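> Give me a 3D structure for the following:
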Amino acid sequence: MSLKLLFGFHAVSVRLKVAPKSIKELHIDVTRRDQRMRQFLDKVGEAGIRVIESDDARLQALCGTHRHQGVVARVEAIQQAKSLDDLLDTLTDPPLLLVLDGVTDPHNLGACLRVADGAGAHAVIAPKDHAVGLNATVSKVASGAAEAMPYFMVTNLARTLGELKERDIWVVGTSDDAPGTLYESDFKRPTALVLGAEGAGMRQLTRKNCDELVSIPMLGSVSSLNVSVASGVCLYEARRQRMQGA
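Next up, the predicted model:
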């Protein structure tokens, strides 16, 4: 049985809420006895999960960082849709997908998963050879969204975009030099929003496979946004349009 690590209150609390039986080991810092820890342990006790008392050094060794907040869990993976096709076949609403091309920083991915979950996206897609996997840092930054948001790493992103278009999903890429802004695009239809890494942007082949390119208006002195911020701007514009059109 393959186990993964989660650490921090948010990530572990979400797992405790949605799938408590998947938590196989829970390590807590024995020296931390503040109100937040007491409330957390009350919920753990209600779920009947065994607690292993550890110290800061042991927790750091387990998760590889000091930012564990005194909580580290070993958990089973939650069963999600096995493939992107499986997920799309079950949707009743027009798909809203976030595609990340070249995002390799776990903090950026965690923040993107968090905003995708908040905006009600159905999945996040990334290429296997130009992306970071779901590790403990991603889960910590995502504050539980990594447990709920489907994340598909595909072998060939260009081919996947082509398959999305065959499903009548409109592929919208973001680019600083696009002729129009995202506010001129129709996101009420089935949509896949494609964003590249900050600085490098989308790869050329990815760009060529987009149906439309849009820009985010930049009115101040900076020329670009962090990819997670840009994802939030785009996804919430799509959500705004869909709420108005409902």
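> Verify the assumption that residue 87 is located in a helix.
Yes. The assignment for residue 87 is a helix, going by DSSP: H, G, I helix; E, B strand; the rest coil.
> Residue ranges of each domain in the chain, please.
Using automatic domain parsing, the domain parsing of the chain gives 3-76, 84-245.
> so of those, which one's packed in deepest?
Mean neighbours per residue, mean count of other CB atoms under 10 Å, is largest over the domains of the chain for domain 84-245, with a mean of 18. C-beta: built from backbone N, CA, C; applies to glycine.
> any idea of the mean pLDDT in it?
Average pLDDT, domain 84-245: 91.
> centre of the chain versus that domain, how much separation?
10 Å (CA atoms, centre = their mean, to the nearest Å).
> residue ranges of the strands in this protein, please?
Ranges of strands in the chain, per DSSP state E, are 3-7, 23-29, 51-54, 71-76, 96-101, 123-127, 151-154, 170-174, 180-181, 191-196, 212-215.
> The ones you listed into CSV, with extra columns for distance to residue 83?
Formatted as CSV, those follow (distance: least, CB to CB, whole Å):
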stretch, distance to residue 83
strand 3-7, 20
strand 23-29, 26
strand 51-54, 36
strand 71-76, 20
strand 96-101, 14
strand 123-127, 11
strand 151-154, 7
strand 170-174, 19
strand 180-181, 33
strand 191-196, 16
strand 212-215, 26
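> gap between the two ends of stretch 29-41?
11 Å (CA to CA, to the nearest Å).
> and it, how far from the chain's centre?
Per CA atoms, centre = their mean, the centroid offset for stretch 29-41 relative to its chain is 28 Å.
> Residue 105 touches residue 130, doesn't it?
No. Using CB atoms under 8 Å, residue 105 makes no contact with residue 130, being 11.9 Å away.
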